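In: generate a structure from the sequence data that follows.
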Amino acid sequence: MASGNTNLETATALDTAALVRSGQISAVEACEAAIERIEAKNGPLNAVVVKDYDRARAAAKAVDESRTADDARPILGVPMTVKEANDVAGLPTTWGFEMFANFQPQEDSPPIARLKAAGAVILGKTNVPVALADWQSVNPVYGRTVNPYDHSRTPGGSSGGSAAALASGMVPLELGSDIGGSIRFPSDFCGVWGHKPTYGIVPLKGHNVPGTDGVDVPLAVVGPMARSAADLKAALEVVAGSLNTGWKLDLPAARHSALKAFRVLVLSADDMPPVDDEVAAPIETLAGALEKLGATVIRKVHGLPDFASVHEDYLRLLNTAIMRGTPDARPIDAHTYMNLLDAQLNLQRQWANFFRDIDLVLSPAFSTAAFPHTDEPDWSKRSVIVNGQAVPYATQLMWAGLATFPGLPSTAVPLARTSEGLPTGMQVVGNLYEDRTTLAFAELLQAEGLSA
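Out: Next up is the predicted model:
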């Protein structure tokens, strides 16, 4: 539900749509206000790197001319930006590569087309790292995006521009993507909400390396980012669904409608990366609050996957997906690939069995808050500082793979601020196709004041 906020800088997407629907403001007014915010805030942040104001104004005018009092379009007149990797007809899609600086697709990706049909007004695109392959957002085409809370630190990646645009109040809604934490990590670093959908429920067409088209990339998803959990749910309902006429997506309803009914596991596993105290403490505080509300909170449980082994499988499939077509790629053979798919299926079955007795898993999204920018190109030479100790950078892929390798839904929830004022949060992982359960839980946390 929308909160009824009429301040457009802090209003949610649903707030904004309600204002436009009721005629309290026009879509053109909402659009112009967002443009003003981008022009006022974007300079030092460099989050919005492609601007499409003229077409946005025309789209907003068309919304106003077609609006009715009972207009069913869920995000009517909502000004938003989208991650640069999502195709928007007539705008560049570069993925941060200089060689694609002038590439402009002539067709909207299906999620973009669905957002427009639902009433959204696309103002432009937000920054990414080269090849969408880092937890920073810097590239030779557009430069570096910084964290709104501390310009010396990353906003995350690869949907870093998306998170920075949301956190700074430029827009209320964004469309990101995730294969290695690229929605969840930036959401975590910038204190916003993000949802990595179940694999396959949102079309990936139009989210390809520029100039390519083919089968869906294993593990990769496109999903919403926002400043409220309710907006995530509304946006997912818009962008999810099959492109085929022969079958229809039918996600199950949320398991529960009250926090006290949830059974949650607070993940603690010896083979997961160490977690900074300032990240772990807010999750434990939340667990205590949930217990007081009557929820079942579990901290140790039998039957969890062997995360170290699972991680190796995830890395092999991830590297296969992201290295395809690169000059120095070393492809695995077809049978090895099929063995990885078997491992993925077995893991899904293991999680499905686990989720019979547990509703959700709560875990860190990343071991630390946003880290300082680094120009070191070699990941093996990078580290993050956890409780004063250096931890290898790539270990953080384990938090991403927790949900990504089995294709599970995961919602990023902001929880607190560190002693330095940086956002921290968690991810809420559910069973396959139970996106509405993770989103409902997130929405209930926000309604109860248990999120940041």
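In: helices of the stretch 51-200 of the chain, residue ranges please.
Out: 53-66, 110-117, 160-167, 184-190 (DSSP state H, counting those that start in this stretch).
In: may I have the third one as PDB, with CA atoms only?
Out: What follows is helix 160-167 as a C-alpha-only set of coordinates in PDB (Å, rounded to 0.1, in the frame of the first residue of the first chain):
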ATOM      1  CA  GLY A 160      25.400   0.900  -8.800                       C
ATOM      2  CA  GLY A 161      24.000   3.800 -10.700                       C
ATOM      3  CA  SER A 162      20.500   2.500 -10.100                       C
ATOM      4  CA  ALA A 163      21.100   2.400  -6.300                       C
ATOM      5  CA  ALA A 164      22.700   5.800  -6.200                       C
ATOM      6  CA  ALA A 165      19.800   7.400  -8.100                       C
ATOM      7  CA  LEU A 166      17.300   5.900  -5.700                       C
ATOM      8  CA  ALA A 167      19.300   6.700  -2.500                       C
END
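In: elements contacting that helix?
Out: Packing partners of helix 160-167 (3 or more C-beta pairs under 8 Å, 6 or more residues apart in numbering; DSSP states H and E): helix 27-45, strand 48-51, strand 79-83, strand 121-126, strand 173-178, helix 184-190, strand 221-226. C-beta: built from backbone N, CA, C; applies to glycine.
In: tabulate the helices of the stretch 51-200 of the chain (a markdown table), appending mean neighbour count, mean pLDDT and distance to Leu347.
Out: Output for these, formatted as a markdown table (neighbours: other C-beta atoms under 10 Å; pLDDT from 0 to 100; distance: least, C-beta to C-beta, whole Å):
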| stretch | mean neighbour count | mean pLDDT | distance to Leu347 |
| --- | --- | --- | --- |
| helix 53-66 | 16 | 98 | 42 |
| helix 110-117 | 20 | 98 | 27 |
| helix 160-167 | 34 | 98 | 28 |
| helix 184-190 | 33 | 98 | 19 |
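In: format those helices as CSV; extra columns: distance to Asp216.
Out: Output for the helices of the stretch 51-200 of the chain, formatted as CSV (distance: least, C-beta to C-beta, whole Å):
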stretch, distance to Asp216
helix 53-66, 28
helix 110-117, 12
helix 160-167, 21
helix 184-190, 20
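In: quick one, which of these is nearest to Gly143?
Out: With C-beta to C-beta as the measure, helix 160-167 is the member of these nearest Gly143 (10.6 Å).
In: buried residues in stretch 420-437?
Out: 422-437 (16 or more other C-beta atoms under 10 Å).
In: pull the most distant pair out of those.
Out: For those, and using C-beta to C-beta, no pair is farther apart than Leu422 and Tyr433, which are 33.6 Å apart.
In: which one of the helices of the stretch 51-200 of the chain lies nearest to Pro252?
Out: helix 110-117 (21.1 Å).
In: among the buried residues of stretch 420-437, which ones are in helices?
Out: Those of the buried residues of stretch 420-437 mapping onto helices are Asp435, Arg436, Thr437, per DSSP state H.
In: including distance to Asp178 and pLDDT, could those go into a markdown table?
Out: Shown next, in a markdown table, are those (distance: C-beta to C-beta, whole Å; pLDDT from 0 to 100):
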| residue | distance to Asp178 | pLDDT |
| --- | --- | --- |
| Asp435 | 13 | 99 |
| Arg436 | 18 | 98 |
| Thr437 | 18 | 99 |
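In: quick one: which of those residues is nearest Ala334?
Out: Asp435 (31.5 Å).
In: which residue packs closest to the closest one, ignoring adjacent ones?
Out: Pro409 (4.2 Å; C-beta to C-beta, 6 or more residues apart in numbering).
In: max-length helix in this structure?
Out: Longest helix in the chain, counting by DSSP H: helix 334-354.
In: and the contacts of that one?
Out: Defining contact as C-beta atoms under 8 Å, 6 or more residues apart in numbering, one finds that helix 334-354 is touched by 301, 303-305, 310, 313, 316-317, 320, 332, 405-408, 431-432.
In: now with 6 Å, please.
Out: Gly303, Pro305, Asp313, Arg316, Leu317, Pro406, Leu432 (C-beta atoms under 6 Å, 6 or more residues apart in numbering).
In: let's see if you can find the most crowded of those.
Out: Pro406 (26 neighbours; other C-beta atoms under 10 Å).
In: so which of the helices of the stretch 51-200 of the chain gets nearest Leu132?
Out: Per C-beta to C-beta, nearest to Leu132 of the helices of the stretch 51-200 of the chain: helix 160-167, 10.2 Å.
In: give me the angle between the closest one and strand 79-83.
Out: Counting by axes from the mean of the first three to the mean of the last three C-alpha atoms, to 10 degrees, helix 160-167 lies at 160 degrees to strand 79-83.
In: helix 160-167 versus strand 173-178: what angle between them?
Out: Going by the same axes, to 10 degrees, helix 160-167 makes 150 degrees with strand 173-178.
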